[in-house]
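# Next comes the sequence, and after it the predicted model I'd like to discuss.
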Amino acid sequence: MNNLLKGKKGIIFGALDENSIAWKVAQRAHEQGATFVLTNAPIAMRMGAISQLAEQTGSHIIPADATSEADLQALFEGAMEKMGGKLDFVLHSIGMSVNVRKGRHYTDLNYDWLTKGWDVSAVSFHKVLQTSWKLEAMNEWASILGLSYIAAQRTFPDYSDMADNKAYLESVARSFGYHYGVKNKVRVNTISQSPTRTTAGSGVKGFDGFIDYAEKMSPLGNATAEDCADYCISLFSDLTRKVTMQNLYHDGGFSNIGISDAVMQRFQEEGSK
Ligand SMILES: NC(=O)c1ccc[n+]([C@@H]2O[C@H](COP(=O)([O-])OP(=O)(O)OC[C@H]3O[C@@H](n4cnc5c(N)ncnc54)[C@H](O)[C@@H]3O)[C@@H](O)[C@H]2O)c1
């Protein structure tokens, strides 16, 4: 299973620290022969940590705030220049809600914070796609991925306005995926990932409870960040060329489960107390 990405060039957004899903994707992409640029928001970038990943994977770092069109343009131009050509994959692994971070209830949202979180978590995906489109930065059969969560389809109360951001993100993948498919045969998808212990994940209230719940509900157990990285590699590879405009569940089966024996048993134990 080596060299699935041999000769491929890309950009990986969102490797904050070694728990980040993007961090694991960068490690796997490197193992599979890809070259890429690492990027993160200038303020979020902990130079120490990302430099270490860049060294490990032989990659360049170009800071960019994913809400800034100017930053994104400089990023794509810089990446093509540094790697000597157009790109084959992009990972958008970015999410942040100010309302969630500050513990604002969904029935009492601050709309300035909502707008900020929507821009960072959802509109930035459109900005990434549009920037790459205008610069003609992607090779034919390239693959662009965003990361989502099942709160886009089902209600998880503490996920608050991030649920709406994820619904928007998934819609952008479908809408842009159409145009990119027709024009350049470029794939655009989102992966709907299990709850995962990362900085963004752990910021959601009650996270420990619902990661355990999802683990017990999923026949295969939760998908880890490493598992997610493997799935991303398969979607960047040439083995999935006709997959586009999809939201792909990567969750150990959680999305199709009504109730599992393990969860039922917990309730029965509690009931008998
Ligand atoms: N952790 C989970 O439970 C989980 C589950 C499903 C989906 N996801 C999604 O996976 C993606 C990656 O998150 P993670 O869990 O690895 O957490 P993380 O905190 O490690 O990554 C989030 C990244 O977003 C970056 N970011 C924030 N604002 C930015 C901006 N303006 N410009 C550029 N980058 C910015 C952060 O610096 C960070 O690197 C997110 O889209 C998240 O919603 C996470």
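Yes, it's here. Just so it is clear, the model here is predicted, and its values are computed rather than measured. Residues are numbered from 1 along each chain as shown.
# The residue nearest to S160 when sequence neighbours are not counted: how many residues sit nearby?
Spatial nearest neighbour of S160, excluding adjacent residues (CB to CB, 6 or more residues apart in numbering): Y106 at 4.6 Å. For every residue, glycine as well, the C-beta is placed using N, CA and C. Burial measure for Y106: 16 neighbouring residues, criterion other CB atoms under 10 Å.
# and Y106, how far is that from the ligand?
Going from Y106 to the ligand by CB to the nearest ligand atom, to the nearest Å gives 17 Å.
# next one: K216
With the distance defined as CB to the nearest ligand atom, K216 ends up 16 Å from the ligand.
# who touches that residue in this structure?
With contacts defined as CB atoms under 8 Å, 6 or more residues apart in numbering, the neighbours of K216 are S260, A262, V263, R266.
# Check A15 too.
A15 is in contact with A22, W23, V25, A26, L38, N40, I50, L53, S93, counting by CB under 8 Å, 6+ apart.
# buried residues in the helix ranked longest in the chain?
The helix that spans the most residues within the chain, counting by DSSP state H, is helix 161-184. Within helix 161-184, the residues that count as buried by 16 or more other CB atoms under 10 Å are 161-166, 168-173, 176-177, 180, 184.
# who's in contact with Q193?
When contacts are counted by CB under 8 Å, 6+ apart, Q193 is found next to I21, L147, S148, Y149, A223, C228, H250, D251.
# The fifth one belongs to a strand?
No. Judged by DSSP: H, G, I helix; E, B strand; the rest coil, A223 forms no part of a strand; its state is coil.
# which non-adjacent residue is nearest it?
S194 (4.3 Å).
# How about the secondary structure of G146?
In three-state terms, and counting by three-state DSSP, G146 is strand.
# Tell me the pLDDT of it.
The confidence metric pLDDT takes the value 99 at G146.
# so who does it touch?
Each residue near G146 by CB under 8 Å, 6+ apart is listed here: H92, S93, F125, L169, E170, V172, A173, N189, T190, I191.
# Residues in a beta bridge with it, which ones?
Beta-bridge partners for G146, by DSSP bridges, are H92, T190.
# how close does it get to K242?
The span separating G146 from K242 equals 19 Å under the rule CB to CB, to the nearest Å.
# do P42 as well
With distances defined as CB to CB, the gap from P42 to K242 amounts to 37 Å.
# What of V120?
According to CB to CB, V120 stands 31 Å off from K242.
# and what of V186?
12 Å.
# cool, and F125?
The gap separating F125 from K242 is 21 Å, by CB to CB.
# And the residue in the stretch 101-250 of the chain positioned nearest to the ligand, which helix or strand is it part of?
Across the stretch 101-250 of the chain, the shortest distance to the ligand (CB to the nearest ligand atom) belongs to G201, at 2.6 Å. The secondary structure element spanning G201 is helix 199-202 (assigned by DSSP states H and E).
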